[in-house]
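Novice: Here you go, sequence then predicted model.
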Amino acid sequence: MVDAPFSPTAEWAHRLISSAAYDAIYREVILAYLGCGDEEVSETMEFLGRLAPTIVPIEYIGEFAKQTFGVTVPAGVNARKMSVLHKDDVDPAVMLRLVDKDRELFGRLMDFAWRPL
C-alpha cells in the first residue's frame, strides 16, 4: 500500500492512510464488515434492529462479561493506544473519506449500546 519500507512513524502512517489501496480496503470499515457498505446508515440500523445484537463499548467489555456471563476478561493491549498518529494529526479530508458513514453509524450504535448497571 505504501512504496516505502515500514516505519512506526507519523510520516509513514500518513502515507499509508492516504493511499488508494488503504482507502479501498478500510473505507467505512464498520459498514463493510456488516455487508452494508453501499447502504445508508438508516438501512443499516434497520438491519441491525432485526438482528438485535448486544453492542458493548470496548471500555465496558470487562463489566459486561462479569455481569452477563460471570467471567473475568483478562486485560489486554488496546491497539488504539499504540497509534503513532493522534486524530488531530490526520488530514480532515482523509479522515472524512475513511469514516464518513461509519461515524454516523457508530454514534447511533453507541446510543443503544450496553452500559453497566
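Specialist: Thanks, I have it.
Novice: got the phi/psi numbers for the closest residue to Val99 other than its chain neighbours?
Specialist: Computed as C-beta to C-beta, 6 or more residues apart in numbering, the closest residue to Val99 that is not its neighbour in sequence is Glu28, at 6.8 Å. For glycine as for every other residue, the C-beta is placed from the backbone atoms N, C-alpha and C. In terms of degrees, to the nearest 10, the main-chain angles of Glu28 are phi 50, psi 60.
Novice: How many neighbouring residues does Glu28 have?
Specialist: 20 (other C-beta atoms under 10 Å).
Novice: In this structure it contacts Glu104, no?
Specialist: No - using C-beta atoms under 8 Å, Glu28 is not in contact with Glu104; the gap is 10.1 Å.
Novice: Can you give me the end-to-end span of stretch 34-53?
Specialist: 12 Å (C-alpha to C-alpha, to the nearest Å).
Novice: Now find how far off-centre that stretch is within its chain.
Specialist: 15 Å (C-alpha atoms, centre = their mean, to the nearest Å).
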